[in-house]
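Peer 1: The following comprises the amino acid sequence and a computationally predicted model.
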Amino acid sequence: MKRYSLDRVQITEPRWVGKFDLNAAFLDEMDVERVLAGFRRNAGISTDAEPYGGWESGLIAGHGVGHYFSALAMRIVYLRGQAVAAGEAMRIADCMELRKSFEFSRAQAGRIIAGLSECQAKYGSGFLCAASEQDPENRELQFDILEGKAQGEQWVPWYALHKVLQGLIDLWEIAEIDGAKEVCLALGEWTCNRVLAWDEETRKKVLNVEFGGMNDCLYQLYGLTGDEKYRRAAAAFDQPELYADLLGFRNRLKGVHANTTMPKIIGYLRGAVAGVSGASDEVGEGTEDSSVKTGGTASAKPADKADDREARISVAERFFDIISTKQSYMTGGVGDMEHFFGDGILDGSRTQCN
């Protein structure tokens, strides 16, 4: 399985061209100084820019701009392919215009990476955070609260960090922005250091709060680097019991939070793409007593063996089968208020949250 390169994609249907142009215009209007403002403030770097509003001004800040990083990376790759195609077709004016947009987007991405690198240097670690300030002496407070090490207000810090880390992976891997690899791996290193120090009790506390696709992005880093610490950290975010249920054709999704569950499946499948294969230390042989090491002292107890590449693919296929045949309304919605309900309750599944 491989990612289909966006520079090979052609958008020709007028209604989709119009939608693409609207999105492209939105990306071009993003102010890099505002994008970086939250990260800089948390790192103690002076800035006159104000962060974007809404959720980008609260405890979940960073997740929106993380999506922007990914969108910008995809736009860069797409524009590169379009410029080449226009040049080969001798559409010189189109080629020049596309090349101009390509260079502008690359410059924006370069400024972002330079700004984030400056923040990491100020921290003295790979940490990055755009969330509103709670404690100037402890920028990692939300993570400490989640792990039960401190008191206070937290939301979904790993969910937000996933979007930032995924955006950095995209700026590195597909957009090939100078410096993105170093910033990305520095944040990855910080993540592994924190995750691989968990004991099982801490791991359960953390995984009880929505964490996005942390296993997904960490498996990607494992695939890109071959470094075992990323595989072990990714596995700490896996949920063996869920995968074992699906392998055993046990549908226990009723009442489960859909937004949390879907990334768990996508991330587990990513392990197959990244080259995780054969029995490993993430999943044991299927007894209730089997303890699963995920690096450091973090562990999980699976119900069944579910670690080889084929099993990962089967988990995704069986999940998709349940969702597409039993949990989907004709609009494409697959739940209500972000949760799965009983099979076939279609009139309560019209939301577009999932």
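Peer 2: Looks like it arrived, so ask away. Numbers count the residues shown, from 1 in each chain.
Peer 1: Would you map the helices across the stretch 51-200 of the chain?
Peer 2: In the stretch 51-200 of the chain, the helices defined using DSSP state H, counting those that start in this stretch lie at 63-88, 92-123, 141-146, 157-173, 180-195, 200-207.
Peer 1: Can you tell me which of those helices is packed in deepest?
Peer 2: helix 157-173 (a mean of 25; mean count of other C-beta atoms under 10 Å). For the C-beta atoms, the positions are set from N, CA and C on the backbone; glycine is no exception.
Peer 1: Does anything pack onto that one? Which helices or strands?
Peer 2: Applying 3 or more C-beta pairs under 8 Å, 6 or more residues apart in numbering; DSSP states H and E, one finds that helix 157-173 makes contact with helix 63-88, helix 92-123, helix 141-146, helix 180-195, helix 214-225.
Peer 1: can you rerun that using 6 Å?
Peer 2: Using 3 or more C-beta pairs under 6 Å, 6 or more residues apart in numbering; DSSP states H and E, the elements in contact with helix 157-173 are helix 63-88, helix 180-195, helix 214-225.
Peer 1: quick one: which of the helices of the stretch 51-200 of the chain is nearest residue 272?
Peer 2: When the helices of the stretch 51-200 of the chain are compared by C-beta to C-beta, helix 157-173 sits nearest residue 272, at 17.4 Å.
Peer 1: tell me the mean pLDDT over the closest one?
Peer 2: Taken as a whole, helix 157-173 carries a mean pLDDT of 98.
Peer 1: Hey, what's the angle from it to helix 92-123? Just curious.
Peer 2: If you take axes from the mean of the first three to the mean of the last three C-alpha atoms, to 10 degrees, helix 157-173 sits at 130 degrees to helix 92-123.
Peer 1: What lies in contact with helix 157-173?
Peer 2: 60, 62-63, 66-67, 69-70, 73, 109, 128, 142-143, 177, 180-181, 183-184, 187, 210-214, 217, 220 (C-beta atoms under 6 Å, 6 or more residues apart in numbering).
Peer 1: just the CA coordinates of stretch 250-258, formatted as CSV?
Peer 2: This file holds the C-alpha atoms of stretch 250-258, laid out as CSV (Å, rounded to 0.1, in the frame of the first residue of the first chain):
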residue,chain,number,x,y,z
ARG,A,250,-17.7,-9.1,17.8
ASN,A,251,-19.5,-5.8,17.2
ARG,A,252,-19.4,-3.9,20.4
LEU,A,253,-19.5,-0.4,19.0
LYS,A,254,-22.9,0.6,20.4
GLY,A,255,-22.5,3.7,22.6
VAL,A,256,-18.9,4.1,21.7
HIS,A,257,-17.5,7.5,20.8
ALA,A,258,-17.1,7.4,17.0
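Peer 1: For that stretch, buried residues please.
Peer 2: Using 16 or more other C-beta atoms under 10 Å as the burial criterion, the residues of stretch 250-258 that qualify are 251, 253, 258.
Peer 1: of all the residues you listed, which comes closest to residue 120?
Peer 2: Set against residue 120, the nearest of those by C-beta to C-beta is residue 258 (34.1 Å).
Peer 1: Compute the number of surrounding residues for residue 17.
Peer 2: The number of residues packed around residue 17, counting by other C-beta atoms under 10 Å, is 11.
Peer 1: I meant to write residue 15 there.
Peer 2: Neighbours of residue 15 under the rule other C-beta under 10 Å: 7.
Peer 1: in which helix or strand would I find it?
Peer 2: When elements are defined using DSSP states H and E, residue 15 is found to belong to helix 14-29.
Peer 1: For the following helix or strand past that helix, enumerate the helices and strands it packs against.
Peer 2: Sequence order places helix 32-43 as the next helix or strand after helix 14-29, per DSSP H and E. If contacts are counted by 3+ C-beta pairs under 6 Å, 6+ apart, helix 32-43 sits against helix 92-123.
Peer 1: Of the helices of the stretch 51-200 of the chain, which is nearest residue 10?
Peer 2: Nearest of the helices of the stretch 51-200 of the chain to residue 10, taken as C-beta to C-beta: helix 63-88 at 7.5 Å.
Peer 1: re earlier: with respect to residue 79, which of the buried residues of stretch 250-258 is nearest?
Peer 2: For residue 79, the closest of the buried residues of stretch 250-258 turns out to be residue 258, at 34.1 Å, with distances computed as C-beta to C-beta.
Peer 1: For the closest one, give its distance to residue 327.
Peer 2: Applying C-beta to C-beta, to the nearest Å, the value for residue 258 to residue 327 is 8 Å.
Peer 1: which neighbours do these two share?
Peer 2: Contact criterion C-beta under 6 Å, 6+ apart; residues bridging residue 258 and residue 327 by contacting each: residue 340.
Peer 1: Spit out the contact partners of residue 128.
Peer 2: By C-beta under 6 Å, 6+ apart, the neighbours of residue 128 are 39, 116, 119, 164, 187.
Peer 1: cool, and residue 40?
Peer 2: Counting by C-beta under 6 Å, 6+ apart, residue 40 touches residue 47.
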